[in-house]
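> Quick one, structure for this:
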Amino acid sequence: MDALERIEKQVSENPIIVYMKGSPDFPQCGFSARVVQVLKSCGVEFAYVNIYEDEEIYRALPKYANWPTFPQLFVKGELVGGCDITLDLNESGELKKMLEEAAGLKA
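Residues are numbered from 1 along each chain as shown. All right, here's what the predicted structure looks like:
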């Protein structure tokens, strides 16, 4: 399975997944740390992929998502965006609604 197929599988199998630098417990950049902090504050479970542990994913994800930077947040198979968009959605209250719906906590 090539990297694009693996990304497709990860995105389709996980309602909320973030591709980030590092892990939620040890983010390796400030943008990834902020996104994880916001996701945790919403109180929903999420999957993650440490792009530093998989160079193929690191190289293929910007092509897959048509988004050049990390982190990248996907909800229900769709790219939400990176750090700035995630923080803006959180500020407006939209992110929590979106995540709760994806996690099956709201109808």
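
> Quick check, pLDDT for Ala107.
Here the pLDDT value assigned to Ala107 is 49.

> just the strands in this protein please.
16-20, 47-50, 72-75, 78-81 (DSSP state E).

> Reformat those strands as a markdown table; add mean neighbour count.
Bear in mind the C-beta positions are built from the backbone N, C-alpha and C, glycine included. Listed next are the strands of the chain as a markdown table, based on neighbours: other C-beta atoms under 10 Å:
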| stretch | mean neighbour count |
| --- | --- |
| strand 16-20 | 24 |
| strand 47-50 | 20 |
| strand 72-75 | 25 |
| strand 78-81 | 17 |
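
> Make TSV out of those and add distance to Tyr64.
Listed next are the strands of the chain as TSV, based on distance: least, C-beta to C-beta, whole Å:
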stretch	distance to Tyr64
strand 16-20	10
strand 47-50	12
strand 72-75	9
strand 78-81	9
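
> Output these in TSV, with mean pLDDT and distance to Tyr58 appended to each entry.
Output for these, formatted as TSV (pLDDT from 0 to 100; distance: least, C-beta to C-beta, whole Å):
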stretch	mean pLDDT	distance to Tyr58
strand 16-20	98	9
strand 47-50	98	9
strand 72-75	98	11
strand 78-81	96	16
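
> With respect to Val36, which of the ones you listed lies nearest?
strand 16-20 (6.9 Å; C-beta to C-beta).

> Report all helices and strands that that closest one contacts.
helix 30-41, strand 47-50, strand 72-75 (3 or more C-beta pairs under 8 Å, 6 or more residues apart in numbering; DSSP states H and E).

> Please point out which parts of the longest one sit buried.
When you say that, I think you mean helix 30-41. Phe31, Ser32, Ala33, Arg34, Val35, Val36, Val38, Leu39 (16 or more other C-beta atoms under 10 Å).

> Tell me how far it lies from the chain's centre.
10 Å (C-alpha atoms, centre = their mean, to the nearest Å).

> Quick check: closest non-adjacent residue to Met98.
Closest residue to Met98 apart from its sequence neighbours, by C-beta to C-beta, 6 or more residues apart in numbering: Val75 at 5.6 Å.

> show me the contacts for that neighbour.
The contact partners of Val75, by C-beta atoms under 8 Å, 6 or more residues apart in numbering, come to Pro15, Ile16, Met98, Leu99, Ala102.
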